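**Q** Need coordinates for the below:
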Amino acid sequence: MPGALALLALGCIAHVAWKASGSGQWRQVRDEDGVQVFTLKEPGATLLKFRATTRVKTSLASSVFLFRGDESTNDDFGGKHFRIFDRIEKPSVYRAYFKVEQPMPPPFGTKELVCLLNYAQDPKTKEVLINVQAAPSRIPPTPGTTRVTHLNNMFRLTPLPDGMVQWEVTGDVDMGLFYPLANLAMPQFMFQGIRDQRKLVLKDKYQKVSLVSVQEL
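**A** Just a heads-up that it's a prediction; the model follows:
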């Protein structure tokens with residue numbers, strides 16, 4: 001018993017110290033195969049924020065279509081029952097809600113995400129900044145799932161003069177996992193995810209897309 005109490009005390013001390021730590025600055029933790037991964041620790045937070053960057057030889061429209069999601073491409077990402085609703089798309093703006101169920105390893109069960117996604121294009125640089133925010137109260141919950149309530153992700157897509165598109169993906173999400181485990185796993189998840197997406201965007205269903213809300217450089 002004394003040993004268990006000592007471990008509990010050490011765990012509490014470590015938790016308090018970790019929560020109070022942080023510089024609020026991005027720190028690079030990996031640079032490999034054209035992908036850079038960064039982490040950011042803010043004082044008062046237990047979960048890290050993550051960012052991954054890379055460049056891809058593709059169109060801006062294909063990049064936007066990849067990251068905004070569509071029923072026709074959901075099989076590429078492993079989610080279930082993906083659905084877009086209340087969509088508005090014009091030359092000046094795109095806004096839509098989406099719902100998707102994400103199976104998780106035991107004992108966490110299935111997580112349900114309901115989010116608002118919107119973007120507008122900079123008329124001069126043609127850069128597109130996609131914002132994705134959790135909207136957990138938008139529709140009733142699905143039985144047998146746990147809804148994610150904290151998600152604020154950004155996708156900055158910048159077309160370059162050489163035909164490349166700069167991707168910058170920033171993740172700020174709480175999937176309800178044990179935070180030390182999430183903090184350890186996310187850098188590899190971000191690295192592998194953006195590498196896989198570089199290949200996905202070269203498929204015909206992305207390359208042939210044309211969007212009324214996106215103009216090329």
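
**Q** Can you tell me what sits against stretch 62-82?
**A** Identification of contacts with stretch 62-82 by Cβ atoms under 8 Å, 6 or more residues apart in numbering yields 56, 83-84, 94, 96, 98-103, 110, 117, 119, 128, 130, 142, 155, 157, 165, 167, 169, 197, 200-201, 203, 205-207, 209, 211, 213-214. (C-beta placed from N, C-alpha, C; glycine too.)

**Q** So for stretch 158-170, what gets flagged as buried?
**A** 158-159, 165, 167-170 (16 or more other Cβ atoms under 10 Å).

**Q** is it true that Ala120 touches Lys90?
**A** No - Ala120 lies out of contact with Lys90 (Cβ atoms under 8 Å); the separation is 9.7 Å.

**Q** Please say which of those two ends up with more neighbours.
**A** Taking neighbours as other Cβ atoms under 10 Å, Ala120 and Lys90 compare with Ala120 leading, 16 against 10.

**Q** Give me the number of neighbouring residues for Cys12.
**A** Using other Cβ under 10 Å, the number of residues around Cys12 comes to 10.

**Q** Make sure I have this right: it is in a helix.
**A** Yes - counting by DSSP: H, G, I helix; E, B strand; the rest coil, Cys12 is found in a helix.

**Q** Now restrict the contacts of stretch 62-82 to buried residues only.
**A** Using 16+ other Cβ under 10 Å, the buried members of the contacts of stretch 62-82 are 56, 84, 94, 96, 98-102, 117, 119, 128, 130, 155, 157, 165, 167, 169, 197, 201, 206, 209, 211, 213-214.

**Q** what about Gln36, how many neighbours?
**A** 16.
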